[in-house]
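I need the structure of the sequence given here:
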Amino acid sequence: MQIRERGSLENLHFKPVERRALQSGEVEIEVLATALNFKDVLNTLGMYPGDAGALGGECAGRVTTVGEGVDGIRVGDAVLALASGSFSRYVVAPAALTVHKPESMSFEAAAGFAIPFVTAYYALHHVGHIRAGESVLIHAAAGGVGLAAVQLARQMGAEIFATAGSPEKRAFLTSIGVQHVMDSRSLSFADEIMEITNGRGVDLVLNSLAGDTIPKSLSVLADGARFLEIGKSGLLTAEEAAALGRGIQYSIIDWTGDALHNPQLIRSMLEQLIAALDEGAVQPLPYQVFPIEEATRAFTHMAHAKHIGKVILSQQPDVRWNGAVHPDATYLVVGGLRGLGLLVAEWLVEQGARHLALMGRSAPQETALATLNALEARGVQITVFGEDVSNAAAVARVIDGIQSNMPPLRGVIHSAGLLDDGVLLHQDWSRFTTVLGPKVNGAWYLHNATWGLPLDFFVMFSSVASLLGSSGQANHAAANAFEDALAYHRQALGLPALSINWGAWSEVGAAVDRNVVETAGQRGFGTISPAAGLDILGALMRGSAPQVGVVPMQWAKFLQPFTGHEPPFLADQIPVEAPKVVKIAASAGGSAASVSSSTAEVLSQLTSAKPERQRSMLVSYVQERARKILGVESARAIDERMPLNELGLDSLMAVELRNALTSGLALKRPLPATLVFDYPTVEAIADYLRKDVLMLVAGETAEEEAPKPVTSGQMAESISELSDDDVDRLLNERMKKRK
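The predicted structure follows:
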């Protein structure tokens with residue numbers, strides 16, 4: 001993976017390279033997963049200070065070649081490694097920085113383990129010498145290094161103070177047991193810490209933020225405390241560090257030199273961390289996986305700072321079903337003797353199946369028998385297993401029976417489930433076990449029993465209850481949430497998996513039997529017709545997503561009970577309504593003004609247009625560029641007078657918009673880093689471009705004034721040197737002042 005031209009995340013591309021011969025002490029790895037780090041995003045956008053090197057610094061895969069002098073690593077070994085340029089199919093890594101992957105760890109989890117844990121260990125233990133009972137402030141604690149530091153600090157019995165930049169991230173930190181969680185985009189954390197510690201402060205600070213956060217973080221240090229800086233901006237000089245006094249130790253954390261000149265030190269840390277993982281003392285970090293082909297989407301996801309833990313790009317073999325149902329294979333439908341399961345069995349026959357194994361606790365009823373007889377009359381071999389999927393021995397008997405007496409098993413569809421509804425006060429554990437049995441136990445037993453079989457698909461029928469909740473169905477929601485999680489687990493292991501959170505089907509299924517369709521409709525849920533549901537099933541089975549929710553929704557009705565406080569989970573799901581006031585500049589003929597995306601044509605059209613049209617053309621041009629970066633479907637959804645940050649534009653998006661306009665208009669000098677700070681709306685940007693940059697307004701010259709201040713004091717750092725949390729905080733402050 002390389003960068004055509006720094007400045008835009010759209011400029012990532014892949015280029016063929018020659019695999020080089022190994023030197024002594026090196027190994028070649030076939031990369032199966034690579035971790036994306038914020039350094040890679042900054043490198044692509046041209047914002048990294050100094051030489052960032054090749055994209056990708058840590059990966060996991062299998063060893064393909066071993067160089068001379070390498071002991072303990074063989075061809076075929078599953079490993080994780082620190083390796084520059086690891087966004088590639090093959091990468092060369094130092095053997096000293098390559099260790100065996102734990103069997104319990106997926107390649108995706110392993111790819112994102114080394115850098116965050118080594119950084120946290122190096123800082124807290126090797127430099128900071130953290131001791132039991134001490135207190136530590138961890139900034140940006142929901143990121144990779146932050147979460148690794150939380151685990152290591154907790155392992156030492158430290159009292160943890162943590163900051164994060166969004167309510168969702170802070171809620172996550174609270175959910176994993178962090179004692180004190182604060183906002184990284186506010187400076188109030190310092191007062192909170194001093195109040196909690198009765199004015200003493202903390203023993204260690206692990207800092208990755210910049211700007212005003214640094215002096216505030218220094219202010220909460222106790223006597224003899226250690227300030228561990230892993231950021232790249234706002235670094236103190238030796239004189240400034242010495243002036244801190246009170247026995248405070250200030251250290252800039254950078255272990256790249258040790259990785260080059262003392263790799264055994266870094267390897268020893270990796271080995272200790274792997275041992276801690278094997279013992280259960282630390283856990284793999286949470287991660288989100290993107291296919292390597294969707295690199296730009298992954299980079300954009302990290303740039304928007306919405307992730308928790310790690311972002312991983314996978315090169316695992318494609319496990320998607322190609323849509324073929326083989327007449328010489330067997331397909332198992334659990335719950336296949338009634339309702340949706342029986343409907344799916346018929347559908348499989350329509351797709352070409354000629355051998356079905358149908359599993360259910362109860363004997364088929366009269367209507368089901370008629371369906372089965374009709375299928376057998378068409379030449380379909382049907383074997384009925386009267387077994388309970390929540391029983392491990394029963395599942396083993398079914399799989400053994402298929403293996404012994406039927407063609408090879410190629411697909412599993414698990415549609416079985418039980419309901420035992422009741423409000424939470426009326427629930428007890430026995431009612432939970434009733435519902436959890438077929439879902440939790442059954443899905444897990446099927447997973448274990450089919451391990452190693454060449455399945456084309458493994459589909460679980462989950463419920464929308466585990467996505468959106470359902471009154472009186474806490475046990476049902478929990479049971480289906482397990483199936484959802486199992487789908488991710490299987491895909492992480494390279495196994496086929498799909499969990500579908502179905503809404504209610506019409507004409508068939510448990511919803512009809514229990515007469516809940518009308519109640520669901522009152523909440524805004526529609527129903528899925530059998531024909532539509534089967535079409536959707538086939539389409540989803542040919543896709544790659546591990547989990548998909550399927551339900552017709554009337555969002556306005558569903559959201560009525562929330563009275564304007566919609567759950568954050570739904571923010572990206574609910575269609576965005578167009579603003580009430582949308583101004584699209586029109587030409588003299590009445591149609592919306594537009595401008596071509598070609599650089600040459602843009603400038604030609606602007607210079608040849610009448611002055612009264614130039615502004616409307618530039619407004620449309622800026623709207624279109626902003627639309628692509630914000631990811632909205634229509635430029636008309638972007639009100640030219642609405643501050644872009646209110647539409648979701650954050651610090652890195654602002655940089656990308658500036659770069660896109662600079663290159664799109666072929667400007668000789670880049671637009672200022674403070675463009676969106678000083679001109680926060682499409683209208684303001686367009687006017688600035690027209691008057692001060694392109695100088696399309698007669699009689700006016702370009703302004704060369706310094707960027708306006710963004711806080712009460714002078715901005716100490718350029719935008720390119722601030723962290724994303726700091727830039728977003730300053731951007732929000734500027735927008736508030738403009739209102």
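
Could you list the buried residues of stretch 145-164?
Using 16 or more other Cβ atoms under 10 Å as the test for burial, stretch 145-164 gives 145-154, 158-164. Backbone N, C-alpha and C define where each C-beta goes, glycine included.

could you give the mean pLDDT of it?
Taken as a whole, stretch 145-164 has a mean pLDDT of 97.

ends of that stretch, how far apart?
End-to-end span of stretch 145-164 (Cα to Cα, to the nearest Å): 12 Å.

now it, how far from the centre of its chain.
22 Å (Cα atoms, centre = their mean, to the nearest Å).

So Lys668, which state does it fall into?
coil (DSSP: H, G, I helix; E, B strand; the rest coil).

repeat for Ile500
Looking at Ile500 with three-state DSSP, the answer is strand.

and it, what are its bridge partners?
Phe461, Val548 (DSSP bridges).

sec struct for Arg397, please.
Note that with three-state DSSP, the state of Arg397 is helix.

give the contact list for it.
Applying Cβ atoms under 8 Å, 6 or more residues apart in numbering, we find Arg397 in contact with 385, 387.

got it, and the one 10 residues further on?
If a contact means Cβ under 8 Å, 6+ apart, then Pro407 has 328-330, 355 as its contacts.

Look at the nearest residue to Arg89 once chain neighbours are set aside and report its pLDDT.
Spatial nearest neighbour of Arg89, chain neighbours left out: Val31 (6.2 Å); criterion: Cβ to Cβ, 6 or more residues apart in numbering. Here, the pLDDT recorded for Val31 equals 97.

Let's verify Val31: helix, strand, or coil?
Of the three states, Val31 takes strand under three-state DSSP.

same deal with Thr65?
Going by three-state DSSP: Thr65 is strand.

Go ahead and flag the most central residue of the protein.
Gln288 (3.9 Å; Cα atoms, centre = their mean).

I'd assumed it was in a strand, is it?
Yes. Looking at Gln288 with three-state DSSP, it is inside a strand.

and the buried residues of stretch 145-164, which of them are in strands?
In strands, defined here by DSSP state E, the members of the buried residues of stretch 145-164 are 159-164.

Mind putting those residues into a markdown table with distance to Val27?
As requested, these are exported to a markdown table (distance: Cβ to Cβ, whole Å):
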| residue | distance to Val27 |
| --- | --- |
| Glu159 | 42 |
| Ile160 | 37 |
| Phe161 | 41 |
| Ala162 | 37 |
| Thr163 | 39 |
| Ala164 | 37 |
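
Quickly find the element holding Asn448.
For Asn448, the host element (DSSP states H and E) is helix 442-449.

tell me which strands and helices that helix is in contact with?
helix 392-405, strand 409-414, strand 457-463, helix 474-492 (3 or more Cβ pairs under 8 Å, 6 or more residues apart in numbering; DSSP states H and E).

Just the buried residues of the longest one, please?
Judged by neighbour count using 16+ other Cβ under 10 Å, the buried positions of helix 474-492 are 474-484, 486-488, 490-492.

With stretch 245-255 instead?
Buried residues in stretch 245-255 (16+ other Cβ under 10 Å): 248-250, 253, 255.

Now do the same contact list for Lys660.
Residue 660: Ala, not Lys. Per Cβ under 8 Å, 6+ apart, neighbours of Ala660: 7-8, 625, 628-629.

Out of these, list just those in helices.
625, 628-629 (DSSP state H).

just the buried members of the residues you listed?
625, 629.

Now distance to Glu279 and pLDDT too, for the ones in helices among the contacts of Ala660, in TSV please.
Below are the ones in helices among the contacts of Ala660 laid out as TSV (distance: Cβ to Cβ, whole Å; pLDDT from 0 to 100):
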residue	distance to Glu279	pLDDT
Arg625	51	88
Lys628	48	83
Ile629	45	84
